[in-house]
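>>> my questions concern the predicted model and sequence given below.
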2 protein chains.
Amino acid sequence: MAAPYADEIRARFGEAVLPPAGLAVNETLRRILSRRSHRRYADRPVPADLVRLLCLAALSASAKSDFQQASIIEVADPARRAVLAAPFPAMPWIGSAPAFLVFCGDARRLERIGGLRGHDAGNAGLEGFFNATVDAALALQTCILAAESLGLGTCPISVLRNEAALVARVLDLPGKVFPVAGLCLGWPSGGDVGDRLEPGHVSLRLPPSLTLHRDRYDDAALAAEIAGYDQAREQRHPTPRDKQRAPERFGYAEAYGWSEDKARQAAQHEGAGFAPWLRGQGFTFD
Amino acid sequence: MAAPYADEIRARFGEAVLPPAGLAVNETLRRILSRRSHRRYADRPVPADLVRLLCLAALSASAKSDFQQASIIEVADPARRAVLAAPFPAMPWIGSAPAFLVFCGDARRLERIGGLRGHDAGNAGLEGFFNATVDAALALQTCILAAESLGLGTCPISVLRNEAALVARVLDLPGKVFPVAGLCLGWPSGGDVGDRLEPGHVSLRLPPSLTLHRDRYDDAALAAEIAGYDQAREQRHPTPRDKQRAPERFGYAEAYGWSEDKARQAAQHEGAGFAPWLRGQGFTFD
């Protein structure tokens, strides 16, 4: 008998990572290990009651100190959806997914509660921003996994942060409420688009030797591990020369792979406008 | 027949929130809706292979732009565990849970990859910090829900951030790698401790009228909603006078409840040391 999760772990982490021995298979773990984003959806609505239920599940996530600093906006109005989607023509699913949620960090509520109770719970510092961010992310991931347990496909949309001012205007976000990510929801259709993925492909992850440490952080083998990872990814999904990122700035690389692509992407600092916008919303990051 | 999820939604959000109609019951959603932290564990180990599997599941979470900026440290060495637990005598489960993980935001790796590829992927700004934080939180929540699907109990430990320098020293965290939260794992024992919860109680959440918005953020009814929520929580679990927070600073309140407690807690800014420590680790938050 094959080791449990062997296929899922091979697809996710490559050949070198051994599956654990002697564990019974659990469907939730199998689903998580082979999870992926879906960006193309069947022409079939997600019932409003179901969306609401998924939001209630999301709000059941842990919250730092029980401060409950996540807020979710369901974008049901087609006109608002269209405005949110307009800056991202390369991601048409933002406008077309059957349902769309925006998960927000909400440092405002706790501050207002302080005002109601006569205590100065000023929440503009890094602490408030960080705690609200984490709360929203925990709710987002809970929503994703709850949706996937029903067979729904999801795609988190972090790029919304690059247009935070627009998002805030469209959704009436007040100060100290900020988008962490959008989330597309729908029933997956057969095919899918984006990231050069074919249906059924899961994204190969970095070797756990880099991401999973025992007792102490150790990335001494980074260069060699990244080289091997680049190779393994290119073997699965070679990058055509015309898909190299921003050649007008970086030229063409002979050996292109994940690390070259991500280094180029990071060097462009596409989210650089988020911090100034957050400061305008009242955060000081002190 | 009762509406699906009616019991779970009543326990989580109170009497006023109607369960959605016409949906089939899914065990994952039911489990999420009635989830809670567990802080007391049976004297039964969590196999090392299982901990590793849960970490692999965690690393299967989405990652912003495929940058993969989460790192997990499994703290297996009892001596290190003891040092991490020492500052928190009120939370003995940090030291005693059968397994303990630390989920870190890792803005270092991408910066090093930029160096390997010769692109300046400087990752010290708010963008890098934020993206790494969210990645770690998504991995954390995935680990929590994966563990709970197996019957394990978990307790996230965000208070670790208040001792970030100690955590970094014990786990050899280099610059731009920072703890988002610890996570205790174990098989739940019958009883539990902390937060005045009795076995089986789930934490009542804020009314969705405050946390779940349609098309636009609206907290105009905050004061009234919070008053009702305080009342509902106190009805379930009255706060004894001697459990009021920090009376030496705030005195005793006649009507004490969640909002008074959280306003007091927030006014103390217990995580105020995190930002200066992060700046010392190289973040600029620009």
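Done, it's in. Computed from a predicted structure; not experimentally measured.
>>> when you work out contacts or count neighbours from here on, use the C-alpha atoms and nothing else.
Noted.
>>> A:A99: what's its closest spatial neighbour, skipping adjacent residues?
Nearest residue to A:A99, sequence neighbours excluded (CA to CA, 6 or more residues apart in numbering or on different chains): A:L185, at 5.1 Å.
>>> who does the one you found form a beta bridge with?
A:A99, A:T154 (DSSP bridges).
>>> shouldn't it be in contact with A:F100?
Yes: assessed by CA atoms under 8 Å, A:L185 is found in contact with A:F100 at 6.2 Å.
>>> in terms of packing, which of the two has more residues around it?
A:L185 (30 against 25; other CA atoms under 10 Å in any protein chain shown).
>>> need the pLDDT of that one.
Note on A:L185: pLDDT of 98.
>>> what's near enough to touch the residue of chain A most remote from its centre?
Distance to the chain centre peaks in chain A at A:G118, reaching 37.1 Å (criterion: CA atoms, centre = their mean). Residues in contact with A:G118 (CA atoms under 8 Å, 6 or more residues apart in numbering or on different chains): none are found.
>>> hmm, who's touching stretch A:214-233?
Contacts for stretch A:214-233 (CA under 8 Å, 6+ apart): A:14, A:204, A:206-207, A:210, A:257-259, B:73-77, B:80, B:116, B:170-174.
>>> where does pLDDT dip in the stretch 151-286 of chain A?
Filtered on pLDDT under 70, the stretch 151-286 of chain A yields the residue ranges A:190-200.
>>> mind listing the helices for it?
With DSSP state H, counting those that start in this stretch applied, the stretch 151-286 of chain A shows helices at A:164-170, A:208-211, A:222-236, A:247-250, A:258-267, A:274-280, listed in chain order.
>>> most tightly packed of these?
Mean neighbours per residue, mean count of other CA atoms under 10 Å in any protein chain shown, is largest over these for helix A:258-267, with a mean of 21.
>>> what does the stretch 151-286 of chain A have sitting close to chain B?
A:156, A:158, A:170-174, A:205-206, A:208, A:210-218, A:223, A:259-260, A:262-264, A:266-269, A:271-272, A:274-276, A:285-286 (CA under 8 Å from any CA of the partner chain).
>>> list the contacts of A:G273.
Per CA under 8 Å, 6+ apart, neighbours of A:G273: A:N162.
>>> can you report how many residues lie near A:A99?
A:A99: 22 neighbours (other CA under 10 Å).
>>> so how far is chain B from it?
12 Å (CA to the nearest CA, to the nearest Å).
>>> from what I can see that residue touches A:V46, true?
Yes: using CA under 8 Å, A:A99 is in contact with A:V46, at 6.6 Å.
>>> shared neighbours, the two?
A:L185, A:G186.
>>> can you give me the strands for chain A?
A:70-74, A:99-106, A:153-157, A:177-186, A:212-214 (DSSP state E).
>>> among the ones you listed, which is nearest B:L126?
strand A:177-186 (13.1 Å; CA to CA).
>>> give me the neighbour count for A:K243.
Number of residues near A:K243 (other CA under 10 Å) recorded here: 13.
>>> how near is it to chain B?
16 Å.
>>> what does A:L18 give?
Counting by CA to the nearest CA, the gap from A:L18 to chain B is 10 Å.
>>> and for A:G114?
From A:G114 to chain B the distance is 5 Å (CA to the nearest CA).
>>> now do the contacts for that residue.
By CA under 8 Å, 6+ apart, the neighbours of A:G114 are A:D120, A:A121, A:G122, B:S259, B:E260, B:K262, B:A263, B:R264, B:A266, B:A267.
>>> any idea of the pLDDT on A:P4?
85.
>>> can you check A:L33 too?
Looking at A:L33, its pLDDT is 95.
>>> quick one: residues contacting the closest residue to it other than its chain neighbours.
If the residues on either side of it in the chain are set aside, A:L33 comes closest to B:A57, at 5.2 Å by CA to CA, 6+ apart. By CA under 8 Å, 6+ apart, the residues touching B:A57 are A:L29, A:I32, A:L33, B:T142, B:C143, B:A146.
>>> try A:A266
Here A:A266 is in contact with B:L110, B:G114, B:A121, B:G122, B:N123 (criterion: CA under 8 Å, 6+ apart).
>>> quick revisit: make JSON lines out of the helices of the stretch 151-286 of chain A and add distance to B:G280.
Listed next are the helices of the stretch 151-286 of chain A as JSON lines, based on distance: least, CA to CA, whole Å:
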{"stretch": "helix A:164-170", "distance to B:G280": "28"}
{"stretch": "helix A:208-211", "distance to B:G280": "23"}
{"stretch": "helix A:222-236", "distance to B:G280": "24"}
{"stretch": "helix A:247-250", "distance to B:G280": "32"}
{"stretch": "helix A:258-267", "distance to B:G280": "22"}
{"stretch": "helix A:274-280", "distance to B:G280": "19"}
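>>> what about the residue nearest to A:A147 when sequence neighbours are not counted, neighbour count?
Of all residues not flanking A:A147 in the chain, A:L54 sits nearest, at 6.6 Å (CA to CA, 6+ apart). By the criterion of other CA under 10 Å, A:L54 has 21 neighbours.
>>> then A:Q244?
Neighbours of A:Q244 (other CA under 10 Å): 17.
>>> my guess is it meets A:K262, correct?
No: using CA under 8 Å, A:Q244 makes no contact with A:K262, being 10.8 Å away.
>>> roughly how far does A:A267 sit from B:G114?
Distance of A:A267 to B:G114, given as CA to CA, to the nearest Å: 8 Å.
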